[in-house]
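J.: Predicted structure and sequence below. I'll ask about it afterward.
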Amino acid sequence: MKIATWNVNSLKVRQQHVIDWLELSRVDVLCLQELKLPDEKFPRADFEAAGFKSWFAGQKTYNGVGILVRDGVNVDEASIVRNIPGFDDPQQRVIAATVEGVRIVSAYFPNGQAVGSEKFAYKMRWLDALADWIGAEMKLHPKLALAGDYNIAPEDRDVHDPKAWEGQNLVSPEERAHFVRLVELGLTDAFRKFEQPEKLFTWWDYRMLAFRRNAGLRIDHILLSAELASLCSACEVDKVPRKWDQPSDHAPVIATIG
DNA sequence: ATGGCCTGCTGTGCAGGA
């Protein structure tokens, strides 16, 4: 089974890219973030025609997450959870589903804007709630994947210019400590389980010719529980769709299980 | 050179992203 995550920065704009990439990548499960559309505008029928069932938690303009699952792959309909239970939040950032016995969580972590800002404080509260919930989920589901746009570059090697970024939002020690807390729950960064090229990122600013200069960050991740990590045979970033016309600023990440 | 781009909105420039 291939599990992927992709921040599409508006599903309305990127719908055809997603459909093309599903065909190209042959993934079975695709976690989406930043849908930027309300549920009534989710193109469920178009994904159905492409051979995928979909579950989603959307809202107008901002945020929004989804999970697409290839036909023939078993999904427990009763297992769908939207948002972090007990964390009251109008922002749609989390959806979970149990797929072939694997707990899949598609998450769009808050950006945080700037260290010390109100949005950063919200990011910290959200991260606390997420870790509490994921810890509980892992007890219920030994096979769990937390996939999404984390808005955290875990280490300096995940940053094109660590000096320029030092202490900034997305790389600050406080954010990185939250990433470590997730790891300490027993999760493994699938990407780092394997040898990888130097300076391989998942996000590049639209400005400053950043993609061409590879001025990026690795902020999109798939973390796996121990049982799932032991079954993981590969993890890749696919930069191809970042080169397409009118691309998302994020590239998809793929983990192969089995 | 501290900006630059992209998206959605009911805007007539702004907020938000990262």
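T.: The structure has been received and is ready for your questions.

J.: Can you tell me how far A:I104 is from A:P162?
T.: From A:I104 across to A:P162, the span is 32 Å (CB to CB, to the nearest Å). All C-beta spots, glycine's among them, are computed from the backbone N, C-alpha and C.

J.: A:V73 now?
T.: For A:V73, the distance to A:P162 - CB to CB - is 39 Å.

J.: Repeat that for A:Q91.
T.: 30 Å.

J.: In this structure A:Y122 contacts A:P110, no?
T.: Yes - A:Y122 lies in contact with A:P110 (CB atoms under 8 Å); the separation is 5.8 Å.

J.: Which of those two has more residues huddled nearby?
T.: Taking other CB atoms under 10 Å, A:Y122 and A:P110 do not tie; A:P110 has more neighbours (21 against 16).

J.: can you give me phi and psi for the closest residue to the more buried one other than its chain neighbours?
T.: The spatially closest residue to A:P110, leaving aside those adjacent along the chain, is A:K123, at 4.0 Å (CB to CB, 6 or more residues apart in numbering). Per-residue torsions, A:K123: phi -60, psi -40 (degrees, to the nearest 10).

J.: how about the residues of chain A that lie near DNA strand B?
T.: A:7, A:9-10, A:12-13, A:34, A:36-37, A:60-62, A:110-111, A:113-114, A:119, A:149, A:151, A:164, A:169-170, A:203, A:205-208, A:217, A:219, A:246, A:249-250 (CB under 7 Å from any atom of the strand).

J.: Please narrow these to those residing in helices.
T.: Among the residues of chain A next to DNA strand B, the members falling in helices (DSSP state H) are A:12-13, A:119, A:164.

J.: which one of the residues you listed sits closest to A:R213?
T.: A:A164 (12.6 Å; CB to CB).

J.: Kind regards, and thank you for your time.
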